[in-house]
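Participant: okay, structure incoming, though there's no sequence with it:
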């Protein structure tokens, strides 16, 4: 099995696979990390282990010189600095664990600096593009009606895609107009529903959802065609399909409506800390990236409309 298109000659050595599994088991037991996070860690560690195996060494025997050579290789392969920085953070945690367990005597990540990286602005949509995207689904089709309700909810609430596809009926309180969301790190937050999104959600749950799922025990709000919880990849395919219909052929990412939600709130005068709470960011600096998008929008409007712009 290969872990990446750039690593095809060999798979990770069996001892490395066992070490990686031990580390992931520890993370799951001690920190309760999500499946998505553990999957990302497994991929990063397996890719490095594969690279080492091609050079006849292993994670257990990895030295600082090996790590530096690997980082240099990633630069030549034009791997994004953000991806390499995340990978290096994963390796730091992994080797600290091995050091703690007395399986190695020296941490090879010591005195290895993370690559410098800029912070790219998240891609977003204009309000006109969002309206076109929302109108794209064919409401005569139950699956498309489901998609419209999902898009409306995503744009109204700024949910993460994982939070959206895993949403349960018990998390929705239409009387109070809020959704109870379990975000990253199992942190709970209440997200308000807009009137438009609430209306679409009510119509969908009463009229369309029974056509897609007939299991009274299954509480997933937006089931797949098979009546099971939808995957993030499936929703990305659906949103991309509707984007093409709307004339938006290059949707930047599955989080495009989450980005639009935050950006449009700030454009209309919302307080940054309120947006932080709605998005579920633990650090305000994460939310501040959207202020740059809003500033760009204001500058554009100034140039367009001011007589001396």
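Facilitator: Right, received. Where do you want to start? Not measured: the values here are computed from a predicted model. Numbers count the residues shown, from 1 in each chain.
Participant: so what are the domain limits for the chain?
Facilitator: Annotated domains of the chain cover 14-100, 127-305 [automatic domain parsing].
Participant: could you tell me the least trusted of the ones you listed?
Facilitator: When mean pLDDT is averaged over each of these, domain 127-305 scores lowest at a mean of 80.
Participant: what about residue 233, how many residues nearby?
Facilitator: Counted by other CB atoms under 10 Å, the residues lying close to residue 233 total 11. Just so you know, the C-beta spots here come from the backbone N, C-alpha and C atoms, and that holds for glycine as well.
Participant: now it: which helix or strand?
Facilitator: Assigned by DSSP states H and E, residue 233 belongs to helix 232-245.
Participant: gap between that helix and the chain center?
Facilitator: Its chain's C-alpha centre and that of helix 232-245 lie 15 Å apart, by CA atoms, centre = their mean, to the nearest Å.
Participant: re earlier: make a markdown table out of the domains of the chain and add distance to residue 111.
Facilitator: Converted to a markdown table, those look like this (distance: least, CB to CB, whole Å):
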| stretch | distance to residue 111 |
| --- | --- |
| domain 14-100 | 7 |
| domain 127-305 | 26 |
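Participant: and these: which comes nearest residue 109?
Facilitator: Taking CB to CB, domain 14-100 is the member of those nearest to residue 109, at 4.7 Å.
Participant: quick one, strands of this protein?
Facilitator: 172-173, 178-182, 188-192 (DSSP state E).
Participant: can you list the strands that the first one pairs with?
Facilitator: Right, the one you point to is strand 172-173. Its sheet considered, strand 172-173 pairs with strand 178-182 (antiparallel) by DSSP bridges.
Participant: chain center to the strand it pairs with: distance?
Facilitator: Per CA atoms, centre = their mean, the centroid offset for strand 178-182 relative to its chain is 18 Å.
Participant: distance check, residue 198 against residue 251.
Facilitator: Using CB to CB, to the nearest Å, one gets 25 Å for the distance from residue 198 to residue 251.
Participant: do the same with residue 15
Facilitator: 42 Å.
Participant: and those two? which has more neighbours close in?
Facilitator: Neighbours were tallied for residue 15 and for residue 251 using other CB under 10 Å; the higher tally belongs to residue 251 (20 against 13).
Participant: nearest residue to the more buried one other than its sequence neighbours?
Facilitator: Spatial nearest neighbour of residue 251, chain neighbours left out: residue 243 (4.4 Å); criterion: CB to CB, 6 or more residues apart in numbering.
Participant: sorry, back to before: which one of the domains of the chain lies closest to residue 114?
Facilitator: domain 14-100 (4.6 Å).
Participant: off-centre distance for the closest one?
Facilitator: 20 Å.
Participant: what of stretch 93-105?
Facilitator: With CA atoms, centre = their mean, you get 29 Å for stretch 93-105.
Participant: with stretch 231-244 instead?
Facilitator: 14 Å.
Participant: show me what counts as buried in that stretch.
Facilitator: Applying a neighbour-count criterion of 16 or more other CB atoms under 10 Å, one finds 235, 236, 238, 239, 240, 242, 243 buried in stretch 231-244.
Participant: if I look at the third one, how far off is residue 148?
Facilitator: Which is residue 238. Counting by CB to CB - residue 238 and residue 148 are separated by 11 Å.
Participant: now swap in the fifth one and tell me
Facilitator: Distance, residue 240 to residue 148, by CB to CB: 15 Å.
Participant: ok so, going back, which neighbouring elements make contact with the helix holding residue 233?
Facilitator: helix 127-135, helix 142-157, helix 161-165 (3 or more CB pairs under 8 Å, 6 or more residues apart in numbering; DSSP states H and E).
Participant: for those helices, which one sits closest to residue 107?
Facilitator: Nearest to residue 107, of the helices and strands packed on helix 232-245 and by CB to CB, is helix 161-165 at 32.2 Å.
Participant: residue 149 and residue 200 touch, don't they?
Facilitator: Yes. Look at residue 149 against residue 200 with CB atoms under 8 Å: they come within range, at 4.7 Å.
Participant: now do residue 16: how many residues are near it, please.
Facilitator: 23.
Participant: 24 is where my numbering starts, stick with that
Facilitator: With the count now opening at 24, the last piece we talked about shows up as residue 39.
Participant: quick one: it from residue 212, how far?
Facilitator: The value you get for residue 39 to residue 212, if CB to CB is used, is 38 Å.
Participant: what's the first-to-last distance across stretch 220-236?
Facilitator: 21 Å (CA to CA, to the nearest Å).
Participant: can you pull out the helices in this structure?
Facilitator: Along the chain, the stretches classed as helices by DSSP state H are 37-54, 58-76, 87-99, 104-123, 150-158, 165-180, 184-188, 218-226, 232-235, 255-268, 279-290, 295-302, 307-328.
Participant: could those helices go into JSON lines alongside distance to residue 204?
Facilitator: JSON lines is the format used below for the helices of the chain (distance: least, CB to CB, whole Å):
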{"stretch": "helix 37-54", "distance to residue 204": "20"}
{"stretch": "helix 58-76", "distance to residue 204": "16"}
{"stretch": "helix 87-99", "distance to residue 204": "35"}
{"stretch": "helix 104-123", "distance to residue 204": "24"}
{"stretch": "helix 150-158", "distance to residue 204": "21"}
{"stretch": "helix 165-180", "distance to residue 204": "8"}
{"stretch": "helix 184-188", "distance to residue 204": "5"}
{"stretch": "helix 218-226", "distance to residue 204": "14"}
{"stretch": "helix 232-235", "distance to residue 204": "19"}
{"stretch": "helix 255-268", "distance to residue 204": "16"}
{"stretch": "helix 279-290", "distance to residue 204": "12"}
{"stretch": "helix 295-302", "distance to residue 204": "10"}
{"stretch": "helix 307-328", "distance to residue 204": "16"}
